[in-house]
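Asks: Please work out how this folds:
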Amino acid sequence: MVVQPIKTDIVRANQLSLQQLIDRSIDKLADGSILAITSKIVSLCAGQVTPIDGLAYDELVKQHSSHYAPEADERLGSRFTITHRTLVRAAGIDKSNADGQYVLWLDSFQPTANDIREYLTKKYGLRKVGVIITDSVSTPLRRGANGICLAHSGFSALNDYRGQRDLFDRPLTVSVANITTGLASSAVVAMGEGDESTPLAVISDVPFVSFQARNPTKKEIDTAYLDKDEDIFEPFLNSVDWQPGQQS
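Replies: Numbering: from 1, shown residues only. Predicted structure coming up:
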């Protein structure tokens, strides 16, 4: 696998469309490639920002989360939330590299992933091309951030090994590889977390990816997620008295 971060000009809210940014930043794209895009750039291009001196931060978190923890973490100054079926701090709201604004997650990143896949297919004349929209999150008991995928299009999110056999001919019963998370983690590492100005990355040489010349179905998207009650971390997740937020 090869991950090539793409340097761009500084992007500000409502300055240009995502398609215009791609046109300015990527001259060519090979068949069998996946374009990773940070959620922050997607939100900036969509104008999904709000002034820092506007609505109180804590109220903003409640407004943009599906569920939020009843108490804010004093060390982090924000609450843990479940937003877009993802456990994330502060509903993904970010003020780094944001020019004095809060950058908000979109109501859904899936339409953007679908639109960009279709745009790349036509612009570069590709048969096999994928898109992932990424963000950074923290992993419990590990220092630092790693990448997650908030939406994907053009390839299968999971490689299911159940029913196959391992090296010693034992049947595999629970092994499922999350391809979107692995690609997102690799892309986020390459794109960086500081002032690199590389919010795009092209991922190539991915023989483990099953490309699909279409958008994922709702059933395929849903399969990549778990409800709290069926998650192996259910005892921890359900120990929180989650409060309903305003985001569906």
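
Asks: What is the lowest-mean-pLDDT helix or strand in the chain packed up against?
Replies: The weakest-scoring helix or strand in the chain, judged by mean pLDDT, DSSP states H and E, is strand 158-160 (a mean of 77). Counting contacts by 3 or more Cβ pairs under 8 Å, 6 or more residues apart in numbering; DSSP states H and E, strand 158-160 packs against strand 176-178. For the C-beta atoms, the positions are set from N, CA and C on the backbone; glycine is no exception.

Asks: ok so, going back, and for the least confident helix or strand of the chain, what's in contact with it?
Replies: Residues from elsewhere that reach strand 158-160, judged by Cβ atoms under 8 Å, 6 or more residues apart in numbering: Val176, Ala177, Asn178, Ile179, Phe208, Ser210, Thr223, Ala224.

Asks: Direction included, what does that strand pair up with?
Replies: strand 176-178 (antiparallel) (DSSP bridges).

Asks: Identify each buried residue in the strand it pairs with, please.
Replies: Buried residues in strand 176-178, counted by 16 or more other Cβ atoms under 10 Å: none are found.

Asks: and that strand, how far out from the chain's middle?
Replies: 16 Å (Cα atoms, centre = their mean, to the nearest Å).

Asks: Can you list the buried residues in the lengthiest helix in the chain?
Replies: Looking across the chain with DSSP state H, the single longest helix is helix 110-124. Within helix 110-124, the residues scored as buried using 16+ other Cβ under 10 Å are Gln110, Thr112, Ala113, Asn114, Ile116, Arg117, Glu118, Tyr119, Leu120, Thr121, Lys123, Tyr124.

Asks: now that helix: mean pLDDT?
Replies: For helix 110-124, mean pLDDT rounds to 97.

Asks: Can you tell me which of the contacts of strand 158-160 comes closest to Leu44?
Replies: Ala224 (25.8 Å; Cβ to Cβ).

Asks: from what I can see the closest one touches Thr180, true?
Replies: Yes - in this structure, Ala224 is within contact of Thr180 by Cβ atoms under 8 Å, at 6.7 Å.

Asks: more neighbours, these two?
Replies: Thr180 (25 against 18; other Cβ atoms under 10 Å).

Asks: first vs last residue of stretch 23-30, how far apart are they?
Replies: End-to-end span of stretch 23-30 (Cα to Cα, to the nearest Å): 15 Å.

Asks: How far does that stretch sit from its chain's centre?
Replies: 21 Å.

Asks: In it, which residues are buried?
Replies: Ile26, Leu29.

Asks: try stretch 145-153
Replies: Those would be Gly147, Ile148, Cys149, Leu150, Ala151, His152, Ser153, for stretch 145-153 by 16+ other Cβ under 10 Å.

Asks: For it, the averaged confidence score.
Replies: pLDDT averaged over stretch 145-153 gives 95.

Asks: May I have it exported as PDB, CA atoms only?
Replies: Provided in PDB are the C-alpha atoms of stretch 145-153 (Å, rounded to 0.1, in the frame of the first residue of the first chain):
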ATOM      1  CA  ALA A 145      -4.800  10.200  17.800                       C
ATOM      2  CA  ASN A 146      -5.500   7.800  15.100                       C
ATOM      3  CA  GLY A 147      -7.800   7.900  12.100                       C
ATOM      4  CA  ILE A 148     -11.400   6.800  11.500                       C
ATOM      5  CA  CYS A 149     -13.600   6.700   8.500                       C
ATOM      6  CA  LEU A 150     -16.900   8.800   8.600                       C
ATOM      7  CA  ALA A 151     -18.100   7.800   5.100                       C
ATOM      8  CA  HIS A 152     -16.800   5.800   2.200                       C
ATOM      9  CA  SER A 153     -17.800   5.000  -1.400                       C
END
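
Asks: Thanks again, I'm all set now.
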